[in-house]
Structures are given as C-alpha cells and as structure tokens.
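Undergrad: Below is the sequence, then the predicted model.
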Amino acid sequence: MIDEQGYRPNVGIILCNRHDQVLWARRSKQDGWQFPQGGIRPNEVAEAAMFRELHEEVGLAPSHVDILGHTRDWLYYDIPDEYRRRHPNSVFRGQKQKWFLLRLLGQDGDVRLDACERPEFSEWRWIEYWSALEHIVIFKRDVYQRALIELEPLLSAARA
C-alpha cells in the first residue's frame, strides 16, 4: 500500500530495557543494523501493526511490553535509487513512519528472532539510546533522530 505521494505507511519500534538501552538488531544476510520496523497493512491501525511486527520480528507479545508513547505525526524518508526494488510504473519514494517507544517488561530471553518463518534479523543486542544515530544507514538517520528526540522525554516520565 503506497499513498498518493509515493510513501508506504510503516511503524518503527524503539524497545527499551530497564536501563533505557534500546534493542538494536542486525538484518538477516546483511551487515545493516536497525530498530524493528514494518509495513502497515490496508485497514490496519498503527498500534496493531506495531504489535504484529513486534511479534514477527522479535517474538514479543503485548504482555511483554509497556507502550510509553508514539510520535505525533508521520516521519518520512526517501529511499535512494540504489536501494529501491525496480517495479515498472511504481510511484514508490520511501516510507512514512509512526514510531513507538516501548519498555520491555519481560526478560531478555523473551526476545526471539525466529518467531516467523523468514526471520528479519540474525542477532540483536542492547545499545545506548543515542548511539543508534552513529550506526544507522545515512538515509534513515534524520527520521531516527527526530523519533529519538520526540520520544526521549517519555523515558524520564516513565521512571517518575
């Protein structure tokens, strides 16, 4: 599903542990690391897509997490030509994302990358909240920064 401007609706997931570190995952058969994310299906609300992607990509159920918040608006990024799949007559430009900040209520052992038939990630680790900006592919960096800035105050509010 691509909107009239050429953007695919998507959710991004920033999953924190009790030390405010974030889950950072390595894409299967690639060297790239990122936060979990995935497309929103037709007639699916963003929160339902987030829970579906959370389970598919990292094996967590709604009971494993607490939603601390989400971005107010869509955050957009364009995918460079060299990363796009070629489809004739496609108007696809990139993704528009709603980002969710979650707190893991369960244990590290609850994270399972093999919860779906074709795992998106091959490994994961906890990293410091802001260090994702140093490692994410350049064309996603601005969206990551805007999501992290908007959602960061919710971490301290959740501790209060």
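TA: Everything's here; your move. None of the values given here were measured: they were computed from a predicted structure. Residues are numbered from 1 along each chain as shown.
Undergrad: Check which helices and strands the helix or strand of the chain with the lowest mean pLDDT is in contact with.
TA: The helix or strand of the chain with the lowest confidence, counting by mean pLDDT, DSSP states H and E, is helix 138-159 at a mean of 92. When contacts are defined as 3 or more CB pairs under 8 Å, 6 or more residues apart in numbering; DSSP states H and E, helix 138-159 sits against strand 7-16, strand 65-70, strand 75-78, strand 94-104, helix 132-135. To be clear about C-beta, it is placed using only N, CA and C from the backbone, and glycine gets the same treatment.
Undergrad: Tabulate the ones you listed (TSV), appending mean neighbour count.
TA: Below are the helices and strands packed on helix 138-159 laid out as TSV (neighbours: other CB atoms under 10 Å):
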stretch	mean neighbour count
strand 7-16	22
strand 65-70	17
strand 75-78	18
strand 94-104	23
helix 132-135	14
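Undergrad: Let's have the ones you listed in TSV, adding distance to residue 38.
TA: Listed next are the helices and strands packed on helix 138-159 as TSV, based on distance: least, CB to CB, whole Å:
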stretch	distance to residue 38
strand 7-16	6
strand 65-70	15
strand 75-78	15
strand 94-104	10
helix 132-135	17
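Undergrad: what's the angle from the least confident helix or strand of the chain to strand 7-16?
TA: Counting by axes from the mean of the first three to the mean of the last three CA atoms, to 10 degrees, helix 138-159 lies at 50 degrees to strand 7-16.
Undergrad: so how far is helix 138-159 off the chain centroid?
TA: 12 Å (CA atoms, centre = their mean, to the nearest Å).
Undergrad: what comes into contact with it?
TA: 12, 14, 16, 20, 34-35, 66, 68-72, 75-80, 83, 97, 99, 101, 103, 129-130, 132-133, 136 (CB atoms under 8 Å, 6 or more residues apart in numbering).
Undergrad: hey, C-alpha coordinates of it in CSV?
TA: C-alpha atoms of helix 138-159 as CSV (Å, rounded to 0.1, in the frame of the first residue of the first chain):
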residue,chain,number,x,y,z
ILE,A,138,22.5,7.6,6.3
PHE,A,139,19.2,7.9,4.6
LYS,A,140,17.3,6.9,7.7
ARG,A,141,19.4,9.0,10.1
ASP,A,142,17.2,12.1,10.1
VAL,A,143,14.0,10.1,10.9
TYR,A,144,15.8,8.2,13.7
GLN,A,145,17.0,11.4,15.2
ARG,A,146,13.5,13.0,15.0
ALA,A,147,11.9,9.9,16.6
LEU,A,148,14.5,9.7,19.4
ILE,A,149,14.3,13.4,20.2
GLU,A,150,10.5,13.4,20.3
LEU,A,151,10.2,10.2,22.4
GLU,A,152,13.2,10.6,24.8
PRO,A,153,11.2,12.7,27.3
LEU,A,154,8.9,9.8,27.8
LEU,A,155,11.7,7.7,29.3
SER,A,156,12.2,10.0,32.2
ALA,A,157,8.4,10.4,32.6
ALA,A,158,8.1,6.6,32.8
ARG,A,159,10.7,6.5,35.6
